[in-house]
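Participant: when you get a sec, could you give me coordinates for this:
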Amino acid sequence: EVQLVESGGGLVQPGGSLRLSCAASGFTFSNYAMNWGRQAPGKGLEWVSGISSGGRTSYAESVKGRFTVSRDNSKNTLYLQLNSLKTEDTAMYYCAKGYGPLVVPGSYSKWGQGTQVTVSS
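Facilitator: Numbers count the residues shown, from 1 in each chain. Below is the predicted model of the structure:
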């Protein structure tokens, strides 16, 4: 069974940083693209970033230059480094498995349960 477990969320002040992790199991992690998405209260799901099986990264314009996605295939773990956080980054953050090796924003085969990020002074 595919399982994705996010961690690392929390409360941080504007301008601060967090590092999210996603532990994956139940599939061959290195063969698949992985993504991060988020959902703010009262809003739809927004694709944030993705990384292909080969390590190519892509980002939404709203986070480009501030967030960095990475993966450690030896640990079956996906990461998202969040820097220069803004109040509008407040959301539940999810990791999501792609259907294949390439990132296709908005196309996911499995979601985790999410980890809450709150940016507030």
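Participant: could you give the mean pLDDT of stretch 104-120?
Facilitator: Taken as a whole, stretch 104-120 has a mean pLDDT of 92.
Participant: tell me the buried residues in that stretch?
Facilitator: P105, Y108, K110, W111, G112, G114, T115, V117, V119 (16 or more other Cβ atoms under 10 Å). From N, CA and C alone the C-beta is placed, and that goes for glycine too.
Participant: quick one: end-to-end distance for that stretch.
Facilitator: Stretch 104-120 has an end-to-end distance of 31 Å (Cα to Cα, to the nearest Å).
Participant: the bottom helix or strand of this structure by mean pLDDT?
Facilitator: The weakest-scoring helix or strand in the chain, judged by mean pLDDT, DSSP states H and E, is strand 110-111 (a mean of 90).
Participant: what segments of the protein are strands?
Facilitator: Secondary structure of the chain, counting by DSSP state E: strands at 3-7, 10-12, 18-25, 34-39, 45-51, 57-59, 67-72, 77-82, 91-97, 110-111, 115-119.
Participant: contact partners of the second one?
Facilitator: Contact partners of strand 10-12, identified using Cβ atoms under 8 Å, 6 or more residues apart in numbering, comprise L18, L85, Q116, V117, T118, V119, S120.
Participant: spatially central, which residue of the protein would that be?
Facilitator: Note on the chain: the residue nearest the mean C-alpha position is W36, at 2.5 Å, using Cα atoms, centre = their mean.
Participant: against L11, how distant is it?
Facilitator: Taking Cβ to Cβ, to the nearest Å as the measure, W36 falls 19 Å from L11.
Participant: and for N73?
Facilitator: Distance, N73 to L11, by Cβ to Cβ: 31 Å.
Participant: for the spatially closest residue to C95 that is not a sequence neighbour, what are its contacts?
Facilitator: Leaving aside its sequence neighbours, C95 sits nearest to C22 (Cβ to Cβ, 6 or more residues apart in numbering; 3.4 Å). Residues in contact with C22, defined by Cβ under 8 Å, 6+ apart, are L4, V5, E6, S7, M34, W36, T77, L78, Y79, L80, C95, G112.
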